[in-house]
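fold the following.
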Amino acid sequence: MLKLVFKFAMVGLCGVGVNMMVFMGLTALGANYLLAAACSFAVAVTNNFIWNVLWTFKGRAGDKSIQKKYVSFFVISSVNLGVNLTILQLLVGYVKVGETLAQLIAIAMVSGLNFILNYSITFSQKRGNQGKENQVAYETDCNTNL
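Numbering: from 1, shown residues only. This next block holds a predicted model:
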């Protein structure tokens, strides 16, 4: 599990980079910060999905089509976007935090929820496969520690 969290965090950090490049580019062009956040989200979520399928959760949820996984990932990410935008608006509008710092804080706050929901919904294994995965992970850990 720790390995998955680490990989998800690495993909997330890359996604933050993608998100912030698009966000700062759009705000530099004069776009409203909330619109810029929504656009940067759309680019970053697709980037994150690709890397999570290919690396973080490689081979998990093999019973689900790539389309079904993407829709699930996108819906979960959209819920997180709503939370992100709410936090962003509160930080900028009421706490008077700068837009870029506020966006970074908002992203950090929704990251844990994002992992939990995607692990348990988008990339969930069928019950029979979960035990097998845990057994393989245990056997690998056991053998490497001998």
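
helices of this structure, start to end?
2-28, 33-51, 66-93, 99-117, 127-144 (DSSP state H).

can I get those in TSV including distance to Phe57?
C-beta coordinates here come from the backbone N, C-alpha and C atoms, glycine included. Formatted as TSV, the helices of the chain follow (distance: least, CB to CB, whole Å):
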stretch	distance to Phe57
helix 2-28	7
helix 33-51	10
helix 66-93	9
helix 99-117	11
helix 127-144	11
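
between these, which one is nearest to Arg60?
Smallest distance to Arg60 across the helices of the chain (CB to CB): 7.8 Å, for helix 127-144.

average model confidence for the closest one?
Across helix 127-144, pLDDT averages out at 46.

in CSV: the helices of the chain, plus mean neighbour count.
Formatted as CSV, the helices of the chain follow (neighbours: other CB atoms under 10 Å):
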stretch, mean neighbour count
helix 2-28, 16
helix 33-51, 19
helix 66-93, 16
helix 99-117, 17
helix 127-144, 10
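
residues touching the residue lying closest to Trp51 once chain neighbours are set aside, list them.
Leaving aside its chain neighbours, Trp51 sits nearest to Val11 (4.4 Å; criterion: CB to CB, 6 or more residues apart in numbering). By CB atoms under 8 Å, 6 or more residues apart in numbering, the contact list for Val11 reads 48, 51-52, 55-56.

could you give the backbone dihedrals for Arg60?
The phi/psi pair for Arg60 (degrees, to the nearest 10) reads phi -80, psi 150.

nearest spatial neighbour of it, skipping sequence neighbours?
Nearest non-adjacent residue to Arg60, counting by CB to CB, 6+ apart: Phe123, 4.4 Å away.

you'd agree that neighbour is up against Ala61?
Yes: with contact defined as CB atoms under 8 Å, Phe123 and Ala61 form a contacting pair (4.7 Å).

joint contacts of these two?
Lys69.
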